[in-house]
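Student: turn this into a model:
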Amino acid sequence: QVHLVESGGGLVQAGGSLRLSCAASGPTFSRRVLAWFRQPPGKEREFVAGILWSSSSPFYAESMRGRFTISSDNAENAVYLQMNSLQPEDTAVYYCAASSAITARKTDFDYWGQGTQVTVSS
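Tutor: This next block holds a predicted model:
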């Protein structure tokens, strides 16, 4: 059983930065990919970025590339999402998720954290 706990959300002004953290535990074969998703108010949950646990290779949703950077620390069993130049449209609940497959598809992720709120004020 994989357990994921996010932290680092909060309120930030437009143009600011935040760094989200996800602490992961459980068998590594069940978390071949760790990823960040987000769910804006009234919208569907969407993929932001993922990282292969074995090689720390990142991949991104095209619209997120450039401002968001995903990284991992295998020794700490943690994944991070550095978010820069935040805009009000980035306001969402951000979730950490784990999959045993190499995927960006929401339905392929078996384990989810509780989410952390990010609010960007204009």
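Student: and the most centrally placed residue in the chain, bridged to which residues?
Tutor: In the chain, the centroid-proximal residue (C-alpha atoms, centre = their mean) is residue 36; its distance is 2.0 Å. Per DSSP bridges, the residues bridged to residue 36 are residue 49, residue 96.
Student: so it sits against residue 51, correct?
Tutor: No: counting by C-beta atoms under 8 Å, residue 36 does not reach residue 51; the two are 9.0 Å apart. The C-beta positions use only the backbone N, C-alpha and C, and glycine is treated the same way.
Student: for residue 67, grab the count of nearby residues.
Tutor: Neighbour count for residue 67, taken as other C-beta atoms under 10 Å: 15.
Student: can you work out which residues contact both of residue 36 and residue 51?
Tutor: Counting by C-beta atoms under 8 Å, 6 or more residues apart in numbering, the contacts common to residue 36 and residue 51 are 70, 79.
Student: residues touching the nearest residue to residue 43 once chain neighbours are set aside, list them.
Tutor: Using C-beta to C-beta, 6 or more residues apart in numbering and skipping residues adjacent in sequence, the residue nearest residue 43 is residue 92, 8.0 Å away. Neighbouring residues of residue 92 by C-beta under 8 Å, 6+ apart: 38-41, 43, 118.
Student: narrow the residues you listed to just the buried residues.
Tutor: Neighbour counting with 16 or more other C-beta atoms under 10 Å marks 38, 118 as buried within these.
Student: among the contacts of residue 92, which two are most distant?
Tutor: Greatest spatial distance among those (C-beta to C-beta): 43 and 118, at 13.9 Å.
Student: tell me who's in contact with the residue nearest to the centre of the chain.
Tutor: For residue 36, the contact set (C-beta under 8 Å, 6+ apart) comprises 20, 22, 48-50, 68, 70, 79, 81, 94-97.
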